[in-house]
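**Q** Quick one, fold the following:
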Amino acid sequence: MLKIRNVKIEDLSKLVIIEQLCFSKEEAATETAFRKRIQLIPDTFFVAEEEGVPVGLINGPVIDTTYITDDLFSNITENPTSGGHQSILGLAVHPHFQKHGVASVLLIHIENEARKKRRETITLTCKENLIKFYEKFGYINEGVSDSEHGGVVWYNMSKSLK
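**A** Next up, the predicted model:
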């Protein structure tokens, strides 16, 4: 049975592997970036586990701006207790567990947590092929992002929590 929980430092090596399986070398969060996120934003870094083994992750800091900026991939700070915009810097599911609803459960979980803390929106960037996936969850395509992360074209997706 799938369980969603907050990240622990012991998850680090397994999460780095999942991230590397899901994203190109240029796009994937580094071990250093994950370590920093685990230390600073464990309250918005969630792990999906199956029988005690991590199979997916979702994470991102709460930010002041409506859209993700590239500096967030290396510079983050602790989350405010309430308000702000919940960003999603990464959503990744091990290939063996894709198409089983894991990403959907993680998205719903982070949204529920964001609502409890009165965040204004959830914001993320995605590639064109994933726009329809996020639209199914009520995200609005706000057009091409200024992000140059990983050298690919990203789209700003946003969902109001008000």
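
**Q** wait, isn't residue 81 in contact with residue 116?
**A** No - counting by Cβ atoms under 8 Å, residue 81 does not reach residue 116; the two are 10.9 Å apart. Where you see a C-beta, it was placed from the backbone N, CA and C, and this is true even at glycine.

**Q** What ranges does the chain have for its helices?
**A** Under the criterion DSSP state H, helices of the chain are mapped to 12-22, 31-40, 102-116, 131-135.

**Q** which other residues reach the longest one?
**A** Which is helix 102-116. Helix 102-116 is contacted from outside by 2, 4, 43-44, 46, 48, 55-58, 60, 86, 88, 91, 93, 122, 133, 137, 159, 161, using Cβ atoms under 8 Å, 6 or more residues apart in numbering.

**Q** Let's see which of those residues end up in strands.
**A** Secondary structure from DSSP state E places 2, 4, 46, 48, 55-58, 86, 88, 91, 93, 122, 159 of the contacts of helix 102-116 in strands.

**Q** can I get those in a markdown table with pLDDT, neighbour count and distance to residue 146?
**A** Shown next, in a markdown table, are those (pLDDT from 0 to 100; neighbours: other Cβ atoms under 10 Å; distance: Cβ to Cβ, whole Å):
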| residue | pLDDT | neighbour count | distance to residue 146 |
| --- | --- | --- | --- |
| 2 | 96 | 15 | 35 |
| 4 | 98 | 18 | 31 |
| 46 | 98 | 20 | 27 |
| 48 | 98 | 26 | 30 |
| 55 | 98 | 22 | 32 |
| 56 | 98 | 25 | 28 |
| 57 | 98 | 27 | 25 |
| 58 | 98 | 26 | 23 |
| 86 | 98 | 24 | 19 |
| 88 | 97 | 24 | 17 |
| 91 | 98 | 22 | 20 |
| 93 | 98 | 23 | 27 |
| 122 | 98 | 24 | 19 |
| 159 | 98 | 18 | 19 |
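
**Q** State the distance from the closest residue to residue 139 other than its chain neighbours to residue 95.
**A** Computed as Cβ to Cβ, 6 or more residues apart in numbering, the closest residue to residue 139 that is not its neighbour in sequence is residue 157, at 4.2 Å. According to Cβ to Cβ, to the nearest Å, residue 157 stands 23 Å off from residue 95.
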